[in-house]
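Q: Pasting a predicted model and its sequence here:
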Amino acid sequence: MDTHMISTPRKETPSRHFQTARRYRFSVLVVTALVILGPACQAQDLVIGDFSGSDYGKWKATGSAFQKGPASGDLLTRLEIENSIGRGVATSEIDGDGPTGTLTSPEFTIERKYISFRIAGGNYEIHTCLNLLVNGKVVKSATGWRSDRLVPCTWDVSAWNGRSVQVQIVDEASGDWGHINVERIVQTDQPEQLPVVTEPLYRESLRPQFHFTAKQWTMDRLNPGHREEGWINDLNGLIYYEGEYHLFAQRWAKCWLHAVSKDLIHWTELEPAIWEESLGSGVQSGTCVVDYQNTSGLSPDPANPPMIAFWSRFDNRSQCLSYSLDRGHTWKPYAKNPIMVAPERDPKVFWYAPSKHWVMMLYGGQQYRIFTSKNLLEWKDEHHPIPNSYECPDFFELPVDGDAKNKKWVLIQGNGNYSIGTFNGTEFKEETPRFPCDVGPHFYATQSWHNTETGDGRRIQCAWMRGADFIDMPFSQMISFPAELSLRTTPDGLRVFRSPIKEIDLLHRSTDTWSNRKLGKDQTLSLQPSGQLFHILAEVEIPEGPTRLTFNLRGIPVVLTSKTLESGHKPASVQGQVKTVEFLVDRTSVESFVNDGEISSTRYALPKASGISVKAEGGPATIKSLTVHQLNSAWEGKAFKK
């Protein structure tokens, strides 16, 4: 038989359409099952503390605040604790706001993405809070809201997945709202309230990209206020030491913030350097010095000079110091604080070489009092006060027109006004009226880096841009871009000039240039259609009369005339003609410098449009040269999730 003629029956193969239909029906069944059984398929919550018993079980209590156990039932009503889900509340309030103590959980392993809880009570970071501890270190924290209404709150703890941790409830506050209430702490993948801070650090939509702002270390809150993580105000103790610029600043007397940089552009924020001694005691503004000769005796090794910070308590009488023996990275309060009791605050301290003594300039009673010392610990009032003065003094020498053999002393007050004169170690004699260091609306509590004579010798200044509010961001307020100060002779006498430091060039990404552009009346020159960060330099010729040259910087107008600058303030005049202008444009600010810093304007402003352009209004104007550098972020490489 011819085998080629015999065929084996084939199994019928479903059509492609039939296979697709079968897969579709299976998918529908799976999705339907997930919808019906979804909650059952989710990982169950893991209870850390539900506080439903008569005591706290294996949780460990210290002090007296938690000794009476959880609150439930009628006790919640008596304590006016609202919005409870009814099981029980860990509370330090049963005996009022006086008792203090802690309540710490047994160790447990992170097995879910979130830890969720409800919290109420005092709004004191560090002092009335719930903390997450990893190896005993606080990595997450939450406070109450000055309300006894329990509010859901959540931490994203995925960064510690698989780690052994604890939670700790803390009440270290007595008096007004000196208590904390916490209910039902659970590990969960489905929190009642998602975390409110979700954007990666330094990539938040309004975060300035080349101006310093503060970060949150343990908290997750939007719109931080005074004394809360994410807030920054007065600059303190700016100092250069062994190749490193130290920036200290206020968290409204809660602590001194601390950051370091090699180039004044790229900053690394360290944990706060100096904390108030107790809740409300305050660690106000001051100065930092390096005691090279160890005159204080605070270093056991004279070869390792102490770095010493001077500050004032909230009583506005106690003048104190803290010191560091590791180049400013850790700090210890002086055991015999206060070193002096004298009104009021903001001590400015420096070494006066001709007389080989230290000088302290202290604000109080609308004047600066001058003290001297041989050892930084004992001070003598020289009784040569400077009248009509206001807060946060900065005081230093500058060479006249760059001549190191001809120097004058410059006193800058907290409001940014400066005067020029002579100083003999005990008395300052003003030789000029007081002039504004900057004419902008957001320039306050200026300070400059001290000890730069051990580096390149520049006098570099920053200011608190007071009023820089960032709606629904986890930070508030910002610091102006560093500016180099110089003392120059002008037709009207000596003046301080401010110019952005040359290191801005480190951020240049791309460059466009224009030259010899004549703009007719109402003619606009478009410079960039988009972008957020710019460094702009222009040489201009503006006729006297009605002509206005308006730079539109992301919807923010800056107006030049032949003699004035206007940027969110009344027009400020130069002595001759406006010839050059320089702008620094960040996401939320515009800083303007006219005639190489003869006048400057520091301004916080939210953008209102895209792009940048320049327009001649009221008459023609000439742009002799114009350069636009788009900038990189100073935070590139530092962005990460908390």
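A: Yep, it's here.

Q: Now Gly101: closest residue in space, sequence neighbours ignored.
A: Nearest residue to Gly101, sequence neighbours excluded (Cβ to Cβ, 6 or more residues apart in numbering): Gly63, at 2.4 Å. In short, each C-beta sits where N, CA and C put it, glycine included.

Q: ok, that neighbour - contacts?
A: Gly63 is in contact with 99-102, 171, counting by Cβ atoms under 8 Å, 6 or more residues apart in numbering.

Q: Kindly report the same for Val134.
A: Contacts of Val134 by Cβ under 8 Å, 6+ apart are 160, 163, 165.

Q: So the second one sits against Glu107, correct?
A: No: in this structure, Arg163 is not within contact of Glu107 by Cβ atoms under 8 Å, at 9.9 Å.

Q: Compare those two (neighbour count), which wins?
A: The residue with more neighbours, out of Arg163 and Glu107, is Arg163; 14 against 10, by other Cβ atoms under 10 Å.

Q: Roughly how far does the closest residue to the more buried one other than its chain neighbours sit from Trp59?
A: Nearest residue to Arg163, sequence neighbours excluded (Cβ to Cβ, 6+ apart): Ile110, at 5.5 Å. Per Cβ to Cβ, to the nearest Å, Ile110 is found 18 Å from Trp59.

Q: what's the answer for Leu321, then?
A: Leu321 sits 40 Å away from Trp59, going by Cβ to Cβ.

Q: what about these two, which has more around it?
A: The residue with more neighbours, out of Leu321 and Trp59, is Leu321; 28 against 20, by other Cβ under 10 Å.

Q: you'd agree the more buried one is in a helix?
A: No: read with DSSP: H, G, I helix; E, B strand; the rest coil, Leu321 is strand and lies in no helix.

Q: Was I right to think it contacts Trp311?
A: Yes: with contact defined as Cβ under 8 Å, Leu321 reaches Trp311; the gap is 7.3 Å.

Q: I figured the residue nearest to Arg163 hits Gln166, correct?
A: No: Ile110 is beyond contact range of Gln166, at 11.0 Å (criterion: Cβ under 8 Å).

Q: What about the contacts of Gly63, which are in strands?
A: 101-102, 171 (DSSP state E).

Q: Format those as JSON lines; extra columns: pLDDT and distance to Leu506.
A: Converted to JSON lines, the ones in strands among the contacts of Gly63 look like this (pLDDT from 0 to 100; distance: Cβ to Cβ, whole Å):
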{"residue": "Gly101", "pLDDT": "98", "distance to Leu506": "50"}
{"residue": "Thr102", "pLDDT": "98", "distance to Leu506": "46"}
{"residue": "Asp171", "pLDDT": "98", "distance to Leu506": "47"}
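
Q: what does the model give Val30 for pLDDT?
A: On the pLDDT scale, Val30 is placed at 37.

Q: With Lys641 instead?
A: Reported pLDDT for Lys641: 43.

Q: Could you list the low-pLDDT ranges of this structure?
A: Scanning the chain for pLDDT under 70 picks out 1-41, 638-642.

Q: rerun that using 80 as the cut-off
A: Residues of the chain that meet the criterion pLDDT under 80 lie in 1-42, 86, 637-642.

Q: can you give me the helices in it?
A: 16-41, 74-78 (DSSP state H).

Q: Identify the residues contacting the last one?
A: In other words, helix 74-78. Counting by Cβ under 8 Å, 6+ apart, 84, 89, 94 sit against helix 74-78.

Q: coming back round to it: of the contacts of Val134, closest to Trp145?
A: Val165 (24.6 Å; Cβ to Cβ).

Q: quick one: the closest one and Leu133, what's the gap?
A: 6 Å.

Q: so who does the residue nearest the centre of the chain touch?
A: Centroid check for the chain by Cα atoms, centre = their mean gives Ala214 as the closest residue, at 2.1 Å. Taking Cβ under 8 Å, 6+ apart, we find Ala214 in contact with 229-232, 249, 251, 257, 269, 475, 477.

Q: Spatially nearest residue to it (excluding sequence neighbours)?
A: Ile232 (4.1 Å).

Q: Go ahead and confirm that neighbour touches Trp252.
A: No: Ile232 is beyond contact range of Trp252, at 9.0 Å (criterion: Cβ under 8 Å).

Q: So these two - more neighbours on which side?
A: Ile232 (26 against 16).

Q: The nearest residue to Gly237 once chain neighbours are set aside pairs with what?
A: Spatial nearest neighbour of Gly237, chain neighbours left out: Cys288 (3.0 Å); criterion: Cβ to Cβ, 6+ apart. Bridge pairing for Cys288 (DSSP bridges) gives the partners Ala309.

Q: Measure how buried Cys288 is and give me the count.
A: Count around Cys288 with other Cβ under 10 Å applied: 28.

Q: quick one: it and His258, what's the gap?
A: Counting by Cβ to Cβ, the gap from Cys288 to His258 is 10 Å.

Q: what does Val439 give?
A: For Val439, the distance to His258 - Cβ to Cβ - is 30 Å.

Q: quick one, which of the two is more surrounded?
A: Set Val439 next to His258 and count neighbours by other Cβ under 10 Å: Val439 wins out with 24 against 21.
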